[in-house]
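Trainee: Need coordinates for the following:
(one chain, ligands or ions: 2)
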Amino acid sequence: MANPSTTRFNSSPWPSKEKQNMTRFDNETSLFNFVVRDGNGVKGIVDSGISKVPQAYIQPSTEQIDKNNAPKCDIPPIDLSRLDGPDHDEVVNQIVRAAETLGFFQVINHGVPIELLDSLKQTAHNFFGLPAERKAVYRKEVSPSPLVKYGTSFVPEKEKALEWKDYISMAYTNDDEALQQWPVECRDDALQYLKTSHEMVRKLLEALMGSLGVELDDSFIGKKMVNMNFYPTCPNPELTVGVGRHSDMGTLTILLQDGIGGLYVRVPENVDMEKKGEWVEIPPILGALVINVGDMLQIWSNGRYKSAEHRVRATSTKSRVSIPIFVSPEATQKIAPLPQVVEKDGVARYTEFVFSDYMNNFFGNAHDGKKSLEFAKIN
Ligand SMILES: O=C(O)CCC(=O)C(=O)O
Ligand SMILES: [Fe+2]
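Mentor: Residues are numbered from 1 along each chain as shown. Ligands and ions are numbered 1, 2, ... in the order given. Next up, the predicted model:
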């Protein structure tokens, strides 16, 4: 029999789910505890049913992304299979030119099997679809492995507004450790991705270093890390960001994005290109990989190659995944503009530093465009 008091007022004695969520998610401490400390991530917020982005995710208007005004980057992808034939020099020029201008390009015939790309995207969805407690075991404070980290946003402790993204990071040391320590749900695909992309990474760097008059050696590819990024559907993608403006700190990034779109790159002001200073979208191309220049390549090349400022917008209709491989030097490596380049330029534009110090500065601050490079810039 119905409770007469609820029948009479035609409402439940409990606050609506929406109201409960408002109290839970509009209080900064309880939101932080739910999302970050308890490892529920942005996915947890969305699963609990919300109709508006919580206040903590609302970005200042200068950071919000207007998708209606962003043109698409119409530069065709570079066909890497042509590196092995008579068109070698032309393809090297395309790679070099892209690194000197936008710092972003797409490649096809890259040697990573297309079926693996499909499988990686599915694997990422499967992993983030796991119950929160299965993912939360990899939070940095409790992870059973120093190689694996599950988290959300970028540095939530430091950010004025959070980013609409959950991720898992898997650092590579060797096959045995990867197979033992990476999450069982992701490890096989992630490892295959690393292995099958290695030759492409070498070829890209050979082209880029060769054009600087420098021979490729392993120090440019000291460390690799595979991430899986998950951007849950968002009720107000115009108010927040999936990832805020930043450049990647390492040598090169190899990125697999899915078909949803939302990756934007800023055309530098000081290059010979159209749309200077504007944000352009890197359109999804089925089977292609996105490559972008990181801060270390900009520094080694004394500023000739441009680490690209980029950001990501979430969408209201579908969750998006992306799977980057970050290629970077070893933590202990000394970094400075390469002597061959400085000799030609007559001036060094960056000071020498140890890579771990650069990393600590990078991960110790919220995303702020290309400010990371100021750590090493000589004015
Ligand atoms: O999701 C993307 O397309 C890009 C992600 C990104 O910029 C990063 O993980 O550094
Ligand atoms: Fe990035």
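Trainee: show me where pLDDT drops low in this protein?
Mentor: Low-confidence segments of the chain, defined by pLDDT under 70: 1-15.
Trainee: mind listing the strands for it?
Mentor: Listed in chain order, the strands of the chain (DSSP state E) span 78-79, 104-108, 148-152, 166-172, 223-231, 243-246, 252-257, 263-266, 279-281, 289-293, 310-312, 320-328, 334-335, 353-354.
Trainee: In this protein, what residue lies closest to ligand 1?
Mentor: The chain approaches ligand 1 most closely through S322 (3.2 Å), counting by C-beta to the nearest ligand atom. (Each C-beta comes from the backbone N, C-alpha and C, glycine too.)
Trainee: That residue against L263, yeah?
Mentor: Yes: with contact defined as C-beta atoms under 8 Å, S322 and L263 form a contacting pair (7.4 Å).
Trainee: Give me the common contacts of these two.
Mentor: 255, 257, 312 (C-beta atoms under 8 Å, 6 or more residues apart in numbering).
Trainee: So what's the residue count around the first one?
Mentor: Neighbour count of L255, defined by other C-beta atoms under 10 Å: 22.
Trainee: same check, this time on the second one
Mentor: Around Q257 sit 24 other residues, with neighbours defined as other C-beta under 10 Å.
Trainee: If the closest residue to it other than its chain neighbours is in a bridge, with which residues?
Mentor: Excluding the flanking residues, the one nearest Q257 by C-beta to C-beta, 6 or more residues apart in numbering is S322, at 4.6 Å. Per DSSP bridges, the residues bridged to S322 are N229, Q257.
Trainee: can you tell me which residues contact the spatially closest residue to P283 that is not a sequence neighbour?
Mentor: Using C-beta to C-beta, 6+ apart and skipping residues adjacent in sequence, the residue nearest P283 is K72, 4.9 Å away. By C-beta under 8 Å, 6+ apart, K72 lies in contact with 280-281, 283.
Trainee: Same question for W164.
Mentor: Neighbouring residues of W164 by C-beta under 8 Å, 6+ apart: 42, 53, 57, 231-232, 234, 237, 240-242, 314.
Trainee: Output these in a markdown table; the columns should cover neighbour count and distance to ligand 1.
Mentor: Below are those laid out as a markdown table (neighbours: other C-beta atoms under 10 Å; distance: C-beta to the nearest ligand atom, whole Å):
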| residue | neighbour count | distance to ligand 1 |
| --- | --- | --- |
| V42 | 28 | 14 |
| V53 | 22 | 18 |
| Y57 | 24 | 17 |
| Y231 | 29 | 7 |
| P232 | 21 | 13 |
| C234 | 25 | 14 |
| P237 | 21 | 14 |
| T240 | 26 | 14 |
| V241 | 27 | 11 |
| G242 | 24 | 7 |
| A314 | 28 | 10 |
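Trainee: I'd like to know which of those residues are part of helices.
Mentor: Counting by DSSP state H, the contacts of W164 place V42 in helices.
Trainee: filter the contacts of K72 to the buried ones?
Mentor: Listed as buried from these are 280-281; burial here means 16 or more other C-beta atoms under 10 Å.
Trainee: Centroid-nearest residue for the protein?
Mentor: Centroid-nearest residue in the chain, with C-alpha atoms, centre = their mean: P324, separated by 6.1 Å.
Trainee: Kindly report the residues of the stretch 151-300 of the chain close to ligand 1.
Mentor: Selection of the stretch 151-300 of the chain residues close to ligand 1 by C-beta under 6 Å from any ligand atom yields 227, 229, 243, 248, 255, 257, 263.
Trainee: check contacts around L80.
Mentor: Contact analysis of L80 by C-beta under 8 Å, 6+ apart lists 91, 107-111, 200, 203.
Trainee: mind checking how far it is from V112?
Mentor: 10 Å (C-beta to C-beta, to the nearest Å).
Trainee: what is in contact with these two at once?
Mentor: Shared contacts of L80 and V112 (C-beta under 8 Å, 6+ apart): M200.
Trainee: Show me where the stretch 101-250 of the chain has its helices.
Mentor: Counting by DSSP state H, counting those that start in this stretch, the stretch 101-250 of the chain has helices at residues 114-128, 132-136, 175-181, 187-211.
Trainee: now the ones you listed in a markdown table, with mean neighbour count?
Mentor: Below are the helices of the stretch 101-250 of the chain laid out as a markdown table (neighbours: other C-beta atoms under 10 Å):
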| stretch | mean neighbour count |
| --- | --- |
| helix 114-128 | 17 |
| helix 132-136 | 17 |
| helix 175-181 | 14 |
| helix 187-211 | 19 |
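Trainee: how many neighbours does I378 have?
Mentor: When neighbours are counted by other C-beta under 10 Å, I378 comes out with 9.
Trainee: Correct me if wrong: it contacts E352.
Mentor: No: applying C-beta under 8 Å as the test, I378 and E352 come out as separate, 10.5 Å apart.
Trainee: ok, V327 - contacts?
Mentor: V327 neighbours (C-beta under 8 Å, 6+ apart): 201, 220-221, 223-224, 250-254, 294.
Trainee: could you redo the last one with a cut-off of 10 Å?
Mentor: 194, 197-198, 201, 204-205, 220-225, 248, 250-254, 294, 296-297 (C-beta atoms under 10 Å, 6 or more residues apart in numbering).
Trainee: and the gap between K275 and R266?
Mentor: 10 Å.
Trainee: List just the nearest of the shared contacts of S322 and L263 to G151.
Mentor: V312 (15.8 Å; C-beta to C-beta).
Trainee: excluding its backbone neighbours, what's nearest that closest one?
Mentor: Closest to V312 by C-beta to C-beta, 6+ apart is G242, at 3.6 Å.
Trainee: Am I right that the one you found is in contact with I65?
Mentor: Yes: using C-beta atoms under 10 Å, G242 is in contact with I65, at 8.8 Å.
Trainee: tell me, what's touching those two both at once?
Mentor: Residues touching both G242 and I65 (C-beta under 10 Å, 6+ apart): 262, 311-314.
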